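Peer 1: Provided below are the primary sequence and the corresponding predicted coordinates.
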Amino acid sequence: MDLSAILISMGGMGGIGLVFATGLAIANKKLYIEEDPRIEKVNDVLPGANCGGCGFAGCMNFAENVVKGNAPINGCPVGGVETANKIAEILGVEVEAGEPLKARVLCQGGLNEMAVKGEYMGLESCVAAHISGGAMKLCEWGCLGFGDCVEACPFDAMYMSENRLPVVIEDKCVGCGKCAEACPRNIIELHPVSHRVFVKCKNQDAGKYSRLVCTRACIGCGICVREAGDDMMYMENGLAHFNYDKWGDRNELPTQKCPNHVLVSLDEEGTDS
Amino acid sequence: MELLVIFISAAIVNNFVLTQFLGICPFVGVSKRLDSAISMGMAVTFVMTITAVVTWLIYHLLLVPYNLEILQYVSFILVIASLVQLVEMFIRKVSKPLYDALGIFLPLITTNCAILGLALIAVLREYSFMESLIYGIGAGAGFTLALVIMAGIREELELADVPRHFQGAGITMIIAGSLALAFMGFAGLI
């Protein structure tokens, strides 16, 4: 073994490497690009989940657009007010605090409530069941119960109850809207946290039929609208709706007379059930 | 005359992409649009030319005198990686849209086997300095040619009524195969 061979090869390779490294270092200086340093800073305070909840392709893209002024400072639904404040600090502007959004499941038709029309033996997926005519539940509007939303949730903020209904864990939900996108029946909606009462049904069938398919269906009787009065609620397509602009963040229900208990007020623990 | 033969051989008859099947990855990846295909071709041509020259210098002035031929792979890759880095910086500086359009395929020139292949083949054939230079330019030109032809066809293809089962990757493979067949026709040229 000739030791000099090793030394020569080390020296040779090291020399070549050194020459190229120097060349690249000089080139880096010469070809340096002025990139807004704020983009990197904004990107650092973002959650980095790349969930796309803001509508841009990932956090970096959002950061670029915020700095350019194309995206609102509070555009990140995940980071919420905290992140918005940090971004505002970097960019030196004031934020108008955006209200955090939470996913709400607007269906109470679990296994116990819904009428069954037959046995479903297809793919265990809401989308597949929806396309092929809707699993075993008779309701054409309600939850299919295969948990596409739970699977879509990037934050583990949802689970399926024993009653085969998705449950949102409010503390974990960041309002990115992935679950709402995944639901083929649009049962999940994003609501500001100040919305405390909900019409938990999407069934637009005539009352006679909706009463058949589910014990928790809105039959469009309009009792709640009359009881609430003063434009607090309204009927649309045979379905009751809250007028949240007027109702505000009140937590009590306008009436206890809803025959199917479709009106639901969030309880203190805040989890959606 | 000898140099012209080397150039034509590298560019057309023994085209790196279509005859020797080196560097297929960018050939399929960056051939969707003509302008980015041309830019990619230029970038690869630049890297190939400089690589041919620098590797010749390193091989004949450093590796051979000190019996270090065993290090040719490592040193060649070092050369290629540095050059690609340089090209990347340059393109990013000159044209950000082009940088975005080339995307991952720009740094991937580093691992483009056409370039390492070029350096190794030049050593294998014992080319002189000038021959290596011309070989590098010819190979780059051939690569650009193949990429531009492919991109031209694929741009036209956007408007063509491709049978459903051939759409996307399928038809691309078929076209690449047809092009390779066509280039076989040059086989007797030299």
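Peer 2: Perfect, I can see it now. Residues are numbered from 1 along each chain as shown, chains lettered A, B, ... in the order given.
Peer 1: only C-alpha atoms for contact and neighbour calcs from this point on.
Peer 2: Noted.
Peer 1: Of all the residues in the lengthiest helix in chain B, which ones are buried?
Peer 2: Longest helix in chain B by number of residues (criterion: DSSP state H): helix B:129-157. For helix B:129-157, a neighbour-count test (16 or more other Cα atoms under 10 Å in any protein chain shown) marks B:129, B:131-154 as buried.
Peer 1: Hmm, A:Tyr120 is touching A:Gly133, no?
Peer 2: No - the pair A:Tyr120 / A:Gly133 is not scored as a contact, 9.7 Å apart, by Cα atoms under 8 Å.
Peer 1: Of all residues in the chain, which one is nearest the centre?
Peer 2: No chain in the question, so chain A it is. Centroid-nearest residue in chain A: A:Gly177, 2.1 Å away (criterion: Cα atoms, centre = their mean).
Peer 1: try again with chain B
Peer 2: With distances taken as Cα atoms, centre = their mean, B:Phe143 lies nearest the centre of chain B, 4.3 Å away.
Peer 1: What parts of chain B come near chain A?
Peer 2: By the rule Cα under 8 Å from any Cα of the partner chain, the part of chain B lying against chain A is B:62, B:66, B:68, B:71, B:75, B:78-79, B:82, B:85-86, B:89-90, B:92-93.
Peer 1: Highest neighbour count among the residues you listed?
Peer 2: For these, the largest number of neighbours (other Cα atoms under 10 Å in any protein chain shown) sits with B:Val79, at 23 neighbours.
Peer 1: could you measure it against A:Phe56, distance?
Peer 2: Shown here: B:Val79 relative to A:Phe56, a distance of 38 Å by Cα to Cα, to the nearest Å.
Peer 1: From A:Gly207, how far out is A:Asn237?
Peer 2: From A:Asn237 over to A:Gly207 the distance is 11 Å, taken as Cα to Cα.
Peer 1: Identify the contacts common to these two.
Peer 2: Counting by Cα atoms under 8 Å, 6 or more residues apart in numbering or on different chains, A:Asn237 and A:Gly207 have no shared contacts at all.
Peer 1: Between these two, tell me which one has more neighbours.
Peer 2: Comparing A:Asn237 with A:Gly207 by other Cα under 10 Å, the one with more neighbours is A:Gly207, at 16 against 12.
Peer 1: Excluding covalently adjacent residues, which one is nearest to that one?
Peer 2: A:Ile219 (3.9 Å; Cα to Cα, 6 or more residues apart in numbering or on different chains).
Peer 1: And what about the one you found, helix, strand or coil?
Peer 2: Secondary structure, DSSP: H, G, I helix; E, B strand; the rest coil: A:Ile219 is coil.
Peer 1: what residues are up against A:Leu31?
Peer 2: If a contact means Cα under 8 Å, 6+ apart, then A:Leu31 has B:Met89, B:Phe90, B:Lys93 as its contacts.
Peer 1: Now tabulate those residues in a markdown table and tack on secondary structure and pLDDT.
Peer 2: Formatted as a markdown table, the contacts of A:Leu31 follow (DSSP: H, G, I helix; E, B strand; the rest coil; pLDDT from 0 to 100):
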| residue | secondary structure | pLDDT |
| --- | --- | --- |
| B:Met89 | helix | 85 |
| B:Phe90 | helix | 85 |
| B:Lys93 | helix | 82 |
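Peer 1: Return the set of buried residues in the helix or strand encompassing A:Ala103.
Peer 2: Assessed by DSSP states H and E, A:Ala103 sits inside strand A:101-105. For strand A:101-105, a neighbour-count test (16+ other Cα under 10 Å) marks A:Leu101, A:Lys102, A:Ala103, A:Arg104, A:Val105 as buried.
Peer 1: What's the local residue count around the residue nearest to A:Ala57 when sequence neighbours are not counted?
Peer 2: In this structure, A:Ala57 finds its nearest non-sequential neighbour in A:Asn50, 7.4 Å apart by Cα to Cα, 6+ apart. Neighbour count for A:Asn50, taken as other Cα under 10 Å: 16.
Peer 1: for A:Asp171, same thing?
Peer 2: Using other Cα under 10 Å, the number of residues around A:Asp171 comes to 11.
Peer 1: Let me see the backbone angles for whatever residue of the stretch 51-200 of chain A ends up closest to chain B.
Peer 2: Using Cα to the nearest Cα, the closest approach of the stretch 51-200 of chain A to chain B is made by A:Asn61 at 12.8 Å. A:Asn61 adopts backbone torsions of phi -60, psi -40, taken as degrees, to the nearest 10.
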